[in-house]
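Q: Can you look at this prediction? I've put the sequence above it.
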Number of protein chains: 2
Amino acid sequence: MAEGASGSEGLLFLTDEQLRKGIEAMFFAYRGFTADPDRILGTLDYGRAHHRAVHFINRSPGLTVSQLLGLLGVTKQSLNRVLRTLFDDDLVEARVGRTDKRERRLHLTVKGAALERSLSDAQRARMRAAYRAAGPEAVQGFRTVLEAMMDPEMRRQYQGLREGKP
Amino acid sequence: MAEGASGSEGLLFLTDEQLRKGIEAMFFAYRGFTADPDRILGTLDYGRAHHRAVHFINRSPGLTVSQLLGLLGVTKQSLNRVLRTLFDDDLVEARVGRTDKRERRLHLTVKGAALERSLSDAQRARMRAAYRAAGPEAVQGFRTVLEAMMDPEMRRQYQGLREGKP
DNA sequence: TTGGAGTGTCAACAAGGCTGACATAGATTT
DNA sequence: AAATCTATGTCAGCCTTGTTGACACTCCAA
């Protein structure tokens, strides 16, 4: 149980109070994190779910529906509702896979890319301000802790997008 | 890949790519952050909204409904639905304010405190593991960036709980 | 007394999760 | 070729949690 000052290593940062502060920091910061895109989305007919889909399609053009499902961690029924409106509104297009014709590779249209940019510009602006205010070392720590907080599966998704097995 | 090295004015950590990584880190980490309590809540008849209410009531016993509304950032109708079930299930009790009898000061019951503990134990365990893996300096950076990411209003809520105006 | 603040509540609605069941096209295995 | 598995879509229904709008009540303060 010994939590607080434990011998040679202070470990003050592991007290329940410190952990509580961390938990609340996540809660409040996540609100800020989503606030700007949410504001934009509110004026259009889209929601946070559309933002997420568009974000990942932009980042990995040509990804399949299953891959997107894996990234988002939702059911295909849920994703399909979102994707349908994105198709209907000409923000995303699906191209039949070349080797496996069952797959639908997803791509943003020009219009979709524009929406993606407006959303992520807002979000990046806040992130940039926070990064700038905190400095490079804080940013390094930020990323390290967040990464450690992920489920192993999510961590693979997080890391493995540039090279990992598709 | 070159990460933090920002030399005299490098600011490598402010590239769009770095910002994108930060954005995705928030997304994936928040999933992990809520995963454990969600799992527990799923077995009971409660949801994430109940968790949040119980968390803040535990942290600031005797807070009023308006204060809780401010912390959670939802409408009173939405909060009321949650509070009603918490009252009905004897997890939270409301005491009429001594000076202002319109207020309802919220407190956890013994039963409510037990639920709170089981939920936050799960969440703290993950946070502790992440903190331990990352180390004190990373934790410091983590908190700094998150704080900078909050809306000013949320930041006041975040900071001002130990001493701020009750 | 009048106005406003703190609160509760009813009704209606929307987004975005979920499950279950079923359909179809194409890939793979036998 | 037949059987099966995989990737995907879709229909139907349900839940939680958010929203607005409207109205009522209690109590504090001017």
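A: On my side now, so go ahead.
Q: Helix or strand for the residue nearest to residue A:47 when sequence neighbours are not counted, just tell me which one.
A: Spatially, and ignoring its direct neighbours in sequence, residue A:47 is nearest to residue A:41 (5.9 Å; Cβ to Cβ, 6 or more residues apart in numbering or on different chains). C-betas here are computed from N, CA, C, even on glycine. Assigned by DSSP states H and E, residue A:41 belongs to helix A:16-43.
Q: Counting by contacts, list what that helix packs against.
A: With contacts defined as 3 or more Cβ pairs under 8 Å, 6 or more residues apart in numbering or on different chains; DSSP states H and E, helix A:16-43 has these neighbours: helix A:48-59, helix A:110-134, helix B:16-43, helix B:48-59, helix B:110-134, helix B:136-149, helix B:152-159.
Q: Please identify the residues of chain A in proximity to DNA strand C?
A: Proximity of chain A to DNA strand C, by Cβ under 7 Å from any atom of the strand, involves residues A:45-50, A:73-75, A:77-79, A:81-82, A:99-102.
Q: do that again at 10 Å, thanks
A: A:38, A:41-42, A:45-53, A:69, A:72-82, A:85, A:96-103 (Cβ under 10 Å from any atom of the strand).
Q: Buried subset of the residues you listed, written for PyMOL?
A: The PyMOL command for the buried members of these (criterion: 16 or more other Cβ atoms under 10 Å in any protein chain shown) is given here:
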select buried, chain A and resi 38+41+46+49+50+51+52+53+72+73+74+79+82+85+103
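Q: Could you list which of the residues of chain A next to DNA strand C also contact DNA strand D?
A: Okay, of these touching DNA strand D (Cβ under 10 Å from any atom of the strand), that's A:42, A:69, A:75-81, A:96-97, A:100-103.
Q: quick one: the helix holding residue A:41 to helix B:48-59, angle?
A: On the basis of axes from the mean of the first three to the mean of the last three Cα atoms, to 10 degrees, helix A:16-43 is oriented at 140 degrees to helix B:48-59.
Q: now helix A:16-43, how far from the centre of its chain.
A: Its chain's C-alpha centre and that of helix A:16-43 lie 13 Å apart, by Cα atoms, centre = their mean, to the nearest Å.
Q: For that helix, buried residues please.
A: A:18-38, A:40-41.
Q: Verify the contact between the residue nearest to residue A:47 and residue A:49 for me.
A: No: counting by Cβ atoms under 8 Å, residue A:41 sits too far from residue A:49 to count as a contact (9.5 Å).
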